[in-house]
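>>> quick one, what's the 3D model for this:
(chains A and B)
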Amino acid sequence: MIKEDIRSAIREALENCYQQGTLSSGEFPAEIQLEVPKSQDHGDYATNLAMMLARFEGKSPRQIADTLVASLRISNLFAAVEVAGPGFINFRLAVGYWATTLQRIYDGQERFGRSPAGRGVRVQVEFVSANPTGPLHIGHGRGAVVGDALASILDAAGFDVQREYYINDAGNQVQTLGRSIFLRLRELQGETIDFPEDGYQAPYIIELATRLLQEQGELEGIAEEEAISRCARFGVQQILGWIGADLEAFGIRFDNWYSEQSLYDRNMVEQELARLADKELTYQEDGALWLRTTDFGDDKNRVLIKSDGSYTYFASDVAYHLEKFDRGFDRVIDVWGADHHGYIPRMKAMLKGFGLPAEALEVLLIQMVNLLRDGQPFVMGKRSGNFITLREVIDEVGRDACRFFFLMRRCDSQLDFDLELAKQNSSDNPVYYVQYAHARICSINRNAAELGIEQPSIHQFDFNLLTLDEEIALIRQLSRFPEAVEGAALHYEPHRVVFYLQDLAALLHSYYNRHRVLIDEVPVTYARLYLVNAVRIVLANALSLLGVSAPEKM
RNA sequence: GCGCCAGUAGCUCAGCUGGAUAGAGCAACGGACUUCUAAUCCGUAGGCCGGGGGUUCGAAUCCCUCCUGGCGCGCCA
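The predicted model follows:
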């Protein structure tokens, strides 16, 4: 990649200076910082190296920068290297480099933007993992899209990625689900039931009860406990079906659905807890089994086995996470709702105590989505029965717009999602702005075909005919796509791809409005078609990372 | 009370590991369609980066403190 080429040129210059004695500290920064300057006047890339070295050299940054530049072999990589401001070294890339960029895009096609940065590190992204006790809501939707896009981005950046959904199909909530269905079922059979407040009130419970009655008949003659657990199993299975279908409608597929219950069935909880005990990380107190998380940064120790002998949720989660590493993942990313943030220290403490590095687990917190309708907050809650499902939102707002909206902001800031506003603004929703850029290029291609102009081959393309500032600006932006993907991957920030896309689309629209692609001069037309289709490829690749479609017509 | 996240233009938000003159969209105002799709473009205006201290060549970014909003602080899941 271009950044590495520049870095090695700088490194070489630095070595020369030390050898020739023009610089004396012998200091080598671990990584030479290269940034994209905000202003075009400052070149394509800039480094602050001279300023970093100032305190070691005892000279002014500008002096050091001058020395470095003098020693910098002016390769054909650069058109100009300048010292500017307090001591920046600005690099302007040689025009010929931009031709290479287009070449790489055509060579790579849908693979352009991918990089080996992740070195095949095995990473698992676990996301959504909503309890199978009700349909997905808007908050799940945000986590779903962020997790899905992040997984795609990591994959593009060279990580070996698996998408996993953890099914909480054991424990109290599932019991509550079973009991709720069971009671509704008895109601359907004519009994008068005093429905408990802590049961699930929502109408879909009655729907489930009705269906259970149809499919399995009455549960006469079965002990209540067994009947409830049968209701629970049925409910979980049905609801998982809904969830799977909703995610499918959202364009999300998991590589693996992992059952919490299966941990118990295989005695994994017992086994993994035993490993913690072997490391003397657990102790008995007040009739319960505790984990010493305080030794590793938590503010209190945590119970694994309650005094009544049953496991806590934390116990199975501990087993689940340890088992992830048993499965060979180098890194595990959990996408959680921000309301679970208090849970992070104990999970990290557990892994640390177990001897795993701190960065083995990365938790991405997804802040709350405040659902509004006509500016009025919509109180959500599965038990209250008052909620709008994710499916309803997708149907109302549209899949592409919905996904894009969730990805537009960094995930650790809260999001107001006004349904009326999202619909009302849908015509000037930013997603259309980006998609429109893609559709416009496709439209040019259709017109070209009608005029009998074929897509130019590399041999018909003459880079020297791309002389406009807007054209170079477009190629510059195209060349940065791999960096954008890599940055989004390494920082776990899918929204960077969104901003990259908006910038690229803006350049395309601006170019489109100012200049025509299809003109009388055939060689220029070829050059512009070549450029514009490189843009099309990158737009499509970036949209694909976000799971948003790239329409050919709008 | 303790902890986590946030506070940047009227509104919604970007700002990469500290860098050059703090950016974009919407809203406002003024322009551009006999020309590849006007879901677009061009321009104008809009700021004490919540307040106050500190660290240094340099702070929206790091540290301390205070204020505001949200969320957490179970032998619940």
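
>>> so how far is stretch A:346-355 from its chain's centroid?
Between the mean C-alpha point of stretch A:346-355 and the mean C-alpha point of its chain there is a distance of 25 Å (C-alpha atoms, centre = their mean, to the nearest Å).

>>> per the annotation, how does chain A divide into domains?
In terms of domains, chain A is parsed into A:2-93, A:127-255+A:367-426, A:429-546 (source: automatic domain parsing).

>>> can you redo those as CSV with mean pLDDT?
Listed next are the domains of chain A as CSV, based on pLDDT from 0 to 100:
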stretch, mean pLDDT
domain A:2-93, 84
domain A:127-255+A:367-426, 88
domain A:429-546, 95
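
>>> distance to RNA strand B and mean neighbour count added to those domains, as CSV?
From N, CA and C alone the C-beta is placed, and that goes for glycine too. Supplementary listing: the domains of chain A in CSV, determined by distance: least, C-beta to the nearest atom of the strand, whole Å; neighbours: other C-beta atoms under 10 Å:
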stretch, distance to RNA strand B, mean neighbour count
domain A:2-93, 3, 17
domain A:127-255+A:367-426, 3, 18
domain A:429-546, 3, 19
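
>>> can you redo those domains as CSV with distance to residue A:117?
As requested, these are exported to CSV (distance: least, C-beta to C-beta, whole Å):
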stretch, distance to residue A:117
domain A:2-93, 11
domain A:127-255+A:367-426, 5
domain A:429-546, 5
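
>>> so where does the nearest residue to residue A:315 once chain neighbours are set aside fall, helix or strand?
What sits nearest to residue A:315 in space, not counting adjacent residues and going by C-beta to C-beta, 6 or more residues apart in numbering, is residue A:304, at 4.4 Å. Using DSSP states H and E, the element containing residue A:304 is strand A:302-305.

>>> ok, back up a step: gap between the residue nearest to residue A:315 and residue A:353?
The gap separating residue A:304 from residue A:353 is 12 Å, by C-beta to C-beta, to the nearest Å.

>>> quick one: which of these two has more around it?
Between residue A:304 and residue A:353, counting by other C-beta atoms under 10 Å, residue A:304 is the more crowded of the two (23 against 20).

>>> list the contacts of that one.
Residues near residue A:304 by C-beta atoms under 8 Å, 6 or more residues apart in numbering: A:273, A:276, A:282, A:288-291, A:311-312, A:314-315, A:318.

>>> any idea which element the most centrally placed residue in chain A lies in?
In chain A, the residue lying closest to the centroid (C-alpha atoms, centre = their mean) is residue A:150, at 2.1 Å. When elements are assigned from DSSP H and E, residue A:150 belongs to helix A:138-156.

>>> give me the angle between the following helix or strand past that helix and helix A:138-156.
Tracing the chain C-terminally past helix A:138-156 and defining elements by DSSP H and E, one meets strand A:160-167 next. Angular relation of strand A:160-167 and helix A:138-156 on a 0 to 180 degree scale: 160 degrees, by axes from the mean of the first three to the mean of the last three C-alpha atoms, to 10 degrees.

>>> give me the sheet partners of strand A:160-167 and which way each runs.
For strand A:160-167, sheet partners with direction are given as strand A:122-126 (parallel), strand A:256-259 (parallel), following DSSP bridges.

>>> now the longest one: mean pLDDT?
Across strand A:122-126, pLDDT averages out at 97.

>>> now do the buried residues in it.
Residues A:123-126 are the ones in strand A:122-126 that count as buried (16 or more other C-beta atoms under 10 Å).

>>> secondary structure element for the residue lying farthest from the centre of chain A, which one?
With distances taken as C-alpha atoms, centre = their mean, the residue sitting farthest from the centre of chain A turns out to be residue A:221, at 50.4 Å. Assigning secondary structure by DSSP H and E places residue A:221 outside every helix and strand.

>>> OK, contacts around it?
Counting by C-beta under 8 Å, 6+ apart, residue A:221 touches no other residue.

>>> again, but for residue A:144
A:127-128, A:136, A:247, A:250, A:252, A:390.

>>> downstream neighbour of the helix or strand hosting residue A:9 in the secondary structure list?
Assigned by DSSP H and E, residue A:9 falls within helix A:2-20. Tracing the chain C-terminally past helix A:2-20 and defining elements by DSSP H and E, one meets strand A:34-35 next.

>>> give the pairing partners of the following helix or strand past that following strand; include direction for each.
Going down the chain from strand A:34-35, the next helix or strand is strand A:45-47, by DSSP H and E. The sheet places strand A:45-47 alongside strand A:34-35 (antiparallel), strand A:88-93 (antiparallel), with pairing taken from DSSP bridges.

>>> residue A:457: which of these is closest?
Within the strands paired with strand A:45-47, the stretch nearest residue A:457 is strand A:88-93; the backing value is 25.3 Å (C-beta to C-beta).

>>> now the angle from the closest one to helix A:2-20?
Compare the direction of strand A:88-93 with that of helix A:2-20 by the same axes, to 10 degrees and you get 130 degrees.

>>> convert the C-alpha atoms of strand A:88-93 to CSV, please.
Taking Å, rounded to 0.1, in the frame of the first residue of the first chain, the C-alpha atoms of strand A:88-93 are listed here in CSV:
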residue,chain,number,x,y,z
PHE,A,88,5.5,19.0,8.7
ILE,A,89,6.9,17.2,5.7
ASN,A,90,4.3,17.1,3.0
PHE,A,91,4.3,14.6,0.2
ARG,A,92,2.7,15.2,-3.1
LEU,A,93,2.4,12.0,-5.1
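
>>> contact partners of it?
So strand A:88-93 is contacted by A:2, A:6, A:10, A:37, A:42-51, A:65, A:68-69, A:77-84 (C-beta under 8 Å, 6+ apart).

>>> helix or strand next in line after that strand, which one?
Downstream of strand A:88-93, the first helix or strand assigned by DSSP H and E is helix A:95-108.

>>> and stretch A:238-258, end to end?
Criterion C-alpha to C-alpha, to the nearest Å; first-to-last residue distance in stretch A:238-258 is 16 Å.
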